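In: Provide a 3D model corresponding to the input given below.
(chains A and B)
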Amino acid sequence: MSDYVSLEGLTLAYGKTVAVEGLDLSIAKGELIALLGPSGCGKSTTMRAIAGLMTPKAGRIVIDGRDVTRLPPSKREIGLVFQSYALFPHLTVYENVAFGLRLKSAPDLDAKVRDGLATVGLSDFADRAPRDLSGGQQQRVALARSLVMEPKVLLLDEPLSNLDARLRLEMRMELQRVQKETGITMVFVTHDQAEALALADRIVLMRNGAIEQMGTPEEIYSAPVSGFAADFVGFETILPDGAGGGLAWRPGAVVLGSGPNEGTVRGTAFAGERREYILESPLGTIKADTPAGAAPLEIGQSVAFDLPRERAAHLARLD
Amino acid sequence: MFEDRRIGLALALPAAIFAAALFLLPVGILLSEGFRADGGWSLSAYTDFFASGRNRVVFLRTLKLAALVAGVSAVIGYATAFAIVSLPPSSRGRVFALVTLPLMISPVARTYAWLVILGRTGFVNQMLVGTGLLDTPLRLLFTETAVFIGLLQLFLPLMIISLVSAMENMPRDAVPAARVLGANWLQVFAKVILPLTREGLVVGGTLVFTGSMTAYITPAILGGSKVLMLETLLYQRVTVASDFASASVIAMILMVMAFSANLLLKRLASARRAK
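Out: Sure thing, here's the model as predicted:
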């Protein structure tokens, strides 16, 4: 794999609090990478470091063959779409998009700005103020503002988390389209596994400032390496396999109503298409669900269940 | 808020009566004094005032010092305010408290402290003479510099507070966004921070300018009769010469300057924004 962006032994800290330690990551040109993990795992810190908004304690950041570790953000040729969008409220949409181009006195400024606005479908909004736009539109302005600079890498911080469900789908397709059209290398940060699975070419799952697992969405989804990774992608029942590793099942993989094991229903929730159950059993806590049409189980009721081996994910580590 | 607006207005009545009887009326009488001469209306008090070279010197000095203090405090204030808002929230409160601490100490005490520092046998001179840099102590007190320093330390916190609250209202990440888009720090300040904190600068600038202009204690103690400002001149005219006409003129000048400063700053702020 060609290393278009590479992070080498990157250690990042806020004062004495180490947020990321010894991180190694290579990103190929044109790749769409998701940094996935719970809050506090170091994913946003890593992104800020790539952008140059934070100076590493140790390690190197190389972009397109150039060591940018000590360069200020203004010299890195990267784009960053903030979670808060960070549009300039005193400037129009047009001037927001033109901001970076004006600073470097880019030729054909007007054409580039119009182009950028067209790319995100906001040509008619050039003279508006950012506050008159919806959240989704503001984000597209922020996207255009970064794209017109033709950055080597586009970083996006939780690009979909502030949008409602409908806009989220729209923006997701928008990002994929833009990436396909421009071939730009994108790194986005998210805590939402569904978002990462749907959007990324490759997912970097982070935990406590280090990489827990890295792989294609399929690998991350179906072959987690640890209890943490399994839990994060929806394997809710995780049991030791007796050999230091573990076995993990999604709720839908647990068979309810028959099987060698016995458990007691401790909790139940109706979730539309499925009905979810929490069982207490000698094996541990089991999370299962059934199609909503199945006869509901009562809390306190005893029920037989099976954990089919062939539907389990095999974890190298239990933690 | 009230179904009947008259109830709301009635609630403001006591304050309105108080202000009218004890503020507007006496000020009105005082100011009208400046337009009277020989039993009739006249502008002679004003022409007399500005005819005096000494008065003109005091007038221009007051204007100059107030503008200088406002300008310098804006420069220091921006740096300090940006440092404060860049701190993590936990330590931000503590540092902010340090900035406001001087406001809780009597300005008389604070100004007298400068005597200890700037006097003939004060800290600065002891250092200069003690280290052999100078043979004889410098005369630091009763100079414009001393008044300037005293006023600056007196009013700087107001500028910092105004700018901090203005900066706290800037969108989070506006500054890093500009950095990533290629702006150096000077450009970040000119294109993002300044336009987004203009209102804070207007408020802070007006407070510091009018405060410096109308300060009495600081120029009285650090400037004495050698470096008169309009306030100390006013006091002198009244107590030494019982010259109420001049006092009235000075009071009017101070008022007009305060209002003009505020209008001018507001105009500057909105003119830039419209561009």
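
In: and residue 154, what pLDDT?
Out: Because you didn't say which chain, this covers chain A. Looking at A:Leu154, its pLDDT is 96.

In: not quite, go with chain B.
Out: According to the prediction, B:Leu154 has pLDDT 92.

In: count the residues that sit near A:Gly59.
Out: For A:Gly59, the neighbour count with other CB atoms under 10 Å in any protein chain shown is 18. Any C-beta I mention is one placed from the backbone N, CA and C, and that applies to glycine too.

In: what sits against it?
Out: Neighbouring residues of A:Gly59 by CB atoms under 8 Å, 6 or more residues apart in numbering or on different chains: A:Leu7, A:Glu8, A:Gly9, A:Leu10, A:Thr11, A:Gly22, A:Leu23, A:Thr69.

In: and the third one, helix, strand or coil?
Out: Same thing as A:Gly9. strand (DSSP: H, G, I helix; E, B strand; the rest coil).

In: ok, now how distant is it from A:Gln213?
Out: Computed with CB to CB, to the nearest Å, the distance linking A:Gly9 and A:Gln213 is 19 Å.

In: repeat for the first one
Out: According to CB to CB, A:Leu7 and A:Gln213 sit 16 Å apart.

In: next: the fourth one.
Out: Separation of A:Leu10 from A:Gln213 (CB to CB): 18 Å.

In: more neighbours: which of these two?
Out: Taking other CB under 10 Å, A:Leu10 and A:Gln213 do not tie; A:Leu10 has more neighbours (25 against 22).

In: right, and that one touches A:Leu23 too?
Out: Yes. At 4.2 Å, A:Leu10 counts as touching A:Leu23 under the criterion of CB atoms under 8 Å.

In: shared neighbours of the two, which are they?
Out: Contacts common to A:Leu10 and A:Leu23, judged by CB under 8 Å, 6+ apart, are A:Thr46, A:Gly59.

In: hang on, the earlier thing: which of the contacts of A:Gly59 count as buried?
Out: Buried by 16 or more other CB atoms under 10 Å in any protein chain shown: A:Leu7, A:Glu8, A:Leu10, A:Thr11, A:Leu23, A:Thr69, out of the contacts of A:Gly59.

In: can you read off the pLDDT for A:Ser2?
Out: pLDDT recorded at A:Ser2 is 63.

In: whoops, I mixed them up, A:Lys104
Out: Looking at A:Lys104, its pLDDT stands at 91.

In: the nearest residue to it once chain neighbours are set aside: what's it in contact with?
Out: Leaving aside its chain neighbours, A:Lys104 sits nearest to B:Gly182 (5.8 Å; criterion: CB to CB, 6 or more residues apart in numbering or on different chains). The neighbours of B:Gly182, taking CB under 8 Å, 6+ apart as the test, are A:Ser74, A:Lys75, A:Gly100, A:Leu103, A:Lys104, A:Met149.

In: go again using 10 Å as the cut-off
Out: B:Gly182 makes contact with A:72-77, A:99-104, A:149, according to CB atoms under 10 Å, 6 or more residues apart in numbering or on different chains.

In: then B:Ile193?
Out: For B:Ile193, the contact set (CB under 10 Å, 6+ apart) comprises B:Tyr78, B:Ala81, B:Phe82, B:Leu163, B:Ala166, B:Met167, B:Met170, B:Ala174, B:Val175, B:Ala178, B:Trp185.

In: closest one of those residues to chain A?
Out: B:Ala174 (5.4 Å; CB to the nearest CB).

In: right, and that closest one touches B:Leu194 too?
Out: No. Contact criterion CB atoms under 10 Å: B:Ala174 and B:Leu194 do not qualify, at 11.9 Å.

In: what is in contact with the two at once?
Out: Joint contacts of B:Ala174 and B:Leu194 (CB under 10 Å, 6+ apart) are A:His90, B:Val188.

In: now the contacts of B:Gly182 in TSV, with secondary structure, distance to B:Val57 and neighbour count?
Out: Formatted as TSV, the contacts of B:Gly182 follow (DSSP: H, G, I helix; E, B strand; the rest coil; distance: CB to CB, whole Å; neighbours: other CB atoms under 10 Å in any protein chain shown):
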residue	secondary structure	distance to B:Val57	neighbour count
A:Pro72	coil	49	16
A:Pro73	helix	51	23
A:Ser74	helix	49	20
A:Lys75	helix	52	13
A:Arg76	coil	56	22
A:Glu77	coil	58	18
A:Phe99	helix	48	24
A:Gly100	helix	51	23
A:Leu101	helix	52	22
A:Arg102	helix	47	16
A:Leu103	helix	47	17
A:Lys104	coil	51	13
A:Met149	coil	56	23
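
In: with adjacent residues omitted, what lies nearest to B:Met257?
Out: Spatial nearest neighbour of B:Met257, excluding adjacent residues (CB to CB, 6+ apart): B:Met213 at 6.1 Å.

In: could you tell me which residues within the helix or strand that contains that neighbour count as buried?
Out: Assigned by DSSP states H and E, B:Met213 belongs to helix B:198-214. By neighbour count with 16+ other CB under 10 Å, helix B:198-214 contains the buried residues B:198-214.

In: ok but A:Ala34 is inside a strand, no?
Out: Yes. The assignment for A:Ala34, made by three-state DSSP, places it in a strand.

In: count the neighbours of it for me.
Out: Neighbours of A:Ala34 using other CB under 10 Å come to 27.

In: and if you look at A:Asp108?
Out: 10.

In: correct me if wrong: it contacts A:Leu101.
Out: Yes. Counting by CB under 10 Å, A:Leu101 is a contact partner of A:Asp108 at 8.9 Å.

In: secondary structure class for A:Arg70?
Out: coil.

In: quick check: the residue lying closest to A:Ser39 once chain neighbours are set aside vs chain B, distance?
Out: With sequence-adjacent residues excluded and distances taken as CB to CB, 6+ apart, A:Ser39 is closest to A:His191, at 6.1 Å. Using CB to the nearest CB, to the nearest Å, A:His191 is found at 18 Å from chain B.

In: read off the pLDDT value for A:His191.
Out: As predicted, A:His191 sits at a pLDDT of 94.
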